[in-house]
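[1] here is the input, now give the coordinates:
(chains A and B)
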Amino acid sequence: MTAQPIHRRAGIGPQAARVRVALAAGLVAVLLAVSSASAQDARSLGMGGVRVPGRGAADVNPAFAALPASAGGSLALPLGLLSGLTRDTWNPAAQGFDALSALDQVSTIGQYLLNPAVSPDDVTFSVDASGLGIAFSGGSPMRLTDPTTLDAGFDLPLGGRLGPVTLGVRPFMEVRARFTPGPDLRAVFGTGSTSASGTLTADAEAGVAVDVGAALPIPLPPAALGGGSLYAGVRASGIAGLARARASFQGSAQAQQDSSGTYTDVTYSYDGTLGTGGLMDGNVGYGALGAAGLAATVPAGIGTVGLGVSVRHIGVMIWDLRRTRYQGDQNGSSTTDLGWVHSVEVAQHVRVGANLAYTVAEGHLGVPGMGLTLAADGDLDLDGGSAAHTGAELRLGPAALRAGVGYQDGLRLGVGAGVSAGGVGLDVALSSHRSPFTDHQAYGVSASLAFGF
Amino acid sequence: MRSTKTTSWRGRGALFVLLPLLAIALASCSRHTSLTVRADLVPFMTTGQRQASISYPTGSLDIQLPVSTTPPNPGASIDLTQLGVPASAASAIDAFALDLAATVDPTTNVDAGTASIFVAPSNATNAFQSAYLVTQVDTPALTANQTATVTAAVRLDAQTNPGALQYIQSGAFRLGVEIQANAASAGSADVELTRMVVAVSAPPGWALP
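    Presented below is the predicted three-dimensional model:
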């Protein structure tokens, strides 16, 4: 039997078939690129999550774009997508579907997780004389007694440099969720409590940003900074928002007691709003975000110190959101359409960061071809949350070994290695993170291509 | 003095308010995760339902729990939806467990007997009918003027008790336990229900289509 061309089997012409194949290939390429761009590169993961000052870290400090080109950049490979091929935890219809595993993997799409978090085998809610209780058995240990954050961002920076100016277009999607338990909720997971409360906030936004940045060396007197260099950078982003969702919910439960301490009733209530808007409603959001930073390189002993400070995500977004209020208590629930609200949102999650590295170039450590980088960084989200990382990279000729430790909503560990030749390299890492909403430490394998530019 | 604890059954599954987006959405939305709701009914009973001094004639000690002073005894009313069990989970319940304990202090010796467990529909006016009997367990002999603890623990499932489970899957049902034994002579017994824990379980994947 002779195989027919695919367009004949599909009942379409060769031109249409080529268009479809091109579209499919384009879609796959975009998906891969988005996934790659969203992921932290393997060099960073292998160093405990630290971002080493250099052009590859210009997203956290626009001044880093002016640093010497030897710092290079990288493209993380979306190894997490392999999980969709090797496990059925992503498929709700599959017997092995596990929402917690899927969430863990999707939020770290640059890594193939070796042991993603697993949902409990049993969730037990209890009511007895000691109050309310909840217990999990099996699966990964759930962690709902402390504020817990889920922060996942996906973006695809496309652009280039023109002298000191960088221009780019960056489709993006961000999801942030934070669960804050009330102080009484902690007891619900232990000895029991007569009350429990918590707050859940969630933000999601997708859009396209047009980024314009500039980074320049600042002239210094010859003796300043020990002969080093100072750089300043700014970046402004015009945002066209395509979709937006914003939710805030509070809930509480209370075992009511009379003056003698006798239970009289158990009541609960919740109250929250959900606002949504975007292209699906025929409108777009718009706004602007900015970032600014300073960076410096300072010779010190046999090496060079690179450092930078930055502030980013400053700005405002304007949206028309359709808001709905959800309320309920033990007597019933209600949903109220609050109509369209013109929302001017001063950017949340303004971040202040600092990056530091000490690099010893090859040839100064007594071993031919050996070089060393020690790095640390810190990042503070003014709306809650902080991160800090430290790591080391030992280079020996074309090879590099890395290790590091950090804290970013839980402990992070990383080890890695890399090889490079002719300005192109391959980095791999084994790293760990704390899975969302759990105390589970997940380990993942990542890889990225490195470019010297 | 023991405090008297009373409450309505409203809103006892209040934890579901706090955790649907977390524990339920994340944990229960997995094929291997089951849900269990466990409630001790005693802290919410009136003193009159928990405690009583019951007179018995020669040959027959008969204690119905919870206690009702005016027959017929409708038993304990349990509304799973008011416990916070989602309707979709109630209809999926595949197991029910009862763990009961009561102290009994009779004035005469009482032989070993039985504890009969009844599960009745929510509209039953008398839960202690033979049609609603699901199982019996043995109880120990009791010594005059000594407080003894009588316990009963059972687990029902769709294979062993499909009828009773249907009542439970409806989301609202009644529950009663009757302790019966031969007494050597007439007397009275101080009875206190100290534990009446019911647990219902929905199977793995109950929240998923």
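[2] quick one: low-confidence parts of chain B?
    Within chain B, the ranges that satisfy pLDDT under 70 run B:1-29, B:81-88, B:206-209.
[3] mind naming the longest helix for it?
    Secondary structure of chain B per DSSP state H: the longest helix is helix B:162-169.
[4] so which elements touch it?
    strand B:95-106, strand B:113-121, strand B:148-157 (3 or more C-beta pairs under 8 Å, 6 or more residues apart in numbering or on different chains; DSSP states H and E). The C-beta positions use only the backbone N, C-alpha and C, and glycine is treated the same way.
[5] ok and that helix relative to strand B:148-157, angle-wise?
    90 degrees (axes from the mean of the first three to the mean of the last three C-alpha atoms, to 10 degrees).
[6] need the residues that contact helix B:162-169.
    Contact with helix B:162-169 is made by B:80, B:90-94, B:96, B:119-122, B:132, B:134, B:156-158, B:173, B:200, as judged by C-beta atoms under 8 Å, 6 or more residues apart in numbering or on different chains.
[7] now residue A:246. Nearest residue, chain neighbours left out?
    residue A:275 (4.7 Å; C-beta to C-beta, 6 or more residues apart in numbering or on different chains).
[8] and residue B:89, by the same measure?
    Nearest non-adjacent residue to residue B:89, counting by C-beta to C-beta, 6+ apart: residue B:202, 4.3 Å away.
[9] got the residues of the stretch 101-250 of chain A near chain B?
    By the rule C-beta under 8 Å from any C-beta of the partner chain, the part of the stretch 101-250 of chain A lying against chain B is A:101, A:103, A:119-129, A:132, A:134, A:136, A:139, A:142, A:144, A:179, A:185, A:188, A:196-198, A:200, A:249.
[10] give the ChimeraX command for selecting the buried subset of those.
    To isolate the buried ones among these in ChimeraX, judged by 16 or more other C-beta atoms under 10 Å in any protein chain shown, type:
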select /A:101,103,119,120,122,123,124,125,126,127,128,132,134,136,139,142,144,179,185,188,196,197,198,200,249
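[11] could you list which of the residues of the stretch 101-250 of chain A next to chain B belong to strands?
    A:122-128, A:132, A:134, A:136, A:179, A:196-198, A:200, A:249 (DSSP state E).
[12] can you map out the strands along chain B?
    So, for chain B - with DSSP E - the strands run B:34-40, B:51-56, B:61-65, B:76-79, B:95-106, B:113-121, B:133-139, B:148-157, B:172-181, B:187-202.
[13] closest to residue A:173 out of these?
    strand B:34-40 (32.3 Å; C-beta to C-beta).
[14] that closest one near chain A at all?
    Yes - counting by C-beta under 8 Å from any C-beta, chain A is contacted by strand B:34-40 at B:34, B:35, B:36, B:37, B:38, B:39, B:40.
[15] and the last one, what are its bridge partners?
    So that's residue B:40. Applying DSSP bridges to residue B:40 gives these bridge partners: residue B:197.
[16] show me where the stretch 151-300 of chain A has its helices.
    A:185-188 (DSSP state H, counting those that start in this stretch).
[17] residue ranges with poor pLDDT in it?
    Looking at the stretch 151-300 of chain A by pLDDT under 70, you get A:183-196, A:254-268.
[18] pretty sure residue A:353 contacts residue A:377?
    Yes - assessed by C-beta atoms under 8 Å, residue A:353 is found in contact with residue A:377 at 6.7 Å.
[19] which one of those two has more residues nearby?
    residue A:377 (28 against 21; other C-beta atoms under 10 Å in any protein chain shown).
[20] which SSE is that one in?
    Per DSSP states H and E: residue A:377 is located in strand A:370-381.
[21] count the residues that sit near the closest residue to residue A:174 other than its chain neighbours.
    Nearest non-adjacent residue to residue A:174, counting by C-beta to C-beta, 6+ apart: residue A:153, 4.6 Å away. Applying other C-beta under 10 Å, we find 13 other residues in the vicinity of residue A:153.
[22] and for residue A:339?
    9.
[23] so it makes contact with residue A:323?
    Yes - proximity of residue A:339 to residue A:323 meets the contact threshold set by C-beta under 8 Å, at 7.1 Å.
[24] report the set of residues contacting both of the two.
    Joint contacts of residue A:339 and residue A:323 (C-beta under 8 Å, 6+ apart) do not exist.
[25] in the stretch 351-453 of chain A, which residue sits nearest chain B?
    residue A:437 (6.0 Å; C-beta to the nearest C-beta).
[26] how close does that residue sit to residue A:136?
    According to C-beta to C-beta, to the nearest Å, residue A:437 stands 11 Å off from residue A:136.
[27] mutual contacts of the two, please.
    residue A:142.
[28] hang on, the earlier thing: touching, the residue of the stretch 351-453 of chain A closest to chain B and residue A:145? I think so.
    No - look at residue A:437 against residue A:145 with C-beta under 8 Å: they stay out of range, at 10.9 Å.
[29] just give the nearest non-adjacent residue to residue B:102, would you?
    Nearest to residue B:102 is residue B:193, by C-beta to C-beta, 6+ apart, at 4.8 Å.
[30] so that neighbour touches residue B:48, yeah?
    No - using C-beta under 8 Å, residue B:193 makes no contact with residue B:48, being 11.0 Å away.
[31] so those two - more neighbours on which side?
    Using other C-beta under 10 Å, the more surrounded residue of residue B:193 and residue B:48 is residue B:193, with 23 against 13.
[32] got a list of what that one touches?
    B:42, B:45, B:49, B:50, B:51, B:65, B:66, B:67, B:100, B:101, B:102.
[33] for residue A:82, which three-state class applies?
    helix (DSSP: H, G, I helix; E, B strand; the rest coil).
[34] residue 166: neighbour count?
    Assuming you mean chain A. 22.
[35] my bad, the chain I had in mind was chain B
    Using other C-beta under 10 Å: residue B:166 sits among 13 other residues.
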